[in-house]
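J.: kindly return the folded structure for what I paste below:
(one chain, ligands or ions: 1)
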Amino acid sequence: MSVKVSDDCIACGACESICDAVFSIEDKAVVNESAVADNMDCVQEAADSCPVSAIVIE
Ligand code: SF4
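T.: A predicted model of the protein is given here:
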């Protein structure tokens, strides 16, 4: 499982509020890959909540 944030990210902060173990906001959202496996529920919720669909789960 791999989680990526595309350049469409507008750094709104929603993913970090929903799943701060995995997402943090710099110029755009960045992913803490090592935390993904233990946090898939909130990763999916963050992806579903992203206003520009920038979170890609592969
Ligand atoms: S929710 Fe989407 S647009 Fe907002 S910071 Fe996260 S990845 Fe970027």
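J.: who's in contact with Lys28?
T.: Contacts for Lys28 were tallied using CB atoms under 8 Å, 6 or more residues apart in numbering; they are Val5, Asp7, Cys9, Ile10, Ala11, Ala54. C-beta here means a position set from N, CA and C on the backbone, and glycine is covered the same way.
J.: out of those residues, who's near the ligand?
T.: Counting by CB under 6 Å from any ligand atom, Val5, Cys9, Ile10, Ala11, Ala54 from these sit close to the ligand.
J.: before we move on, the earlier item: closest to Val30 out of the contacts of Lys28?
T.: For Val30, the nearest member of the contacts of Lys28 is Val5. The distance, counting by CB to CB, is 6.9 Å.
J.: tell me the secondary structure for Cys15?
T.: In terms of secondary structure, Cys15 is helix; the call rests on DSSP: H, G, I helix; E, B strand; the rest coil.
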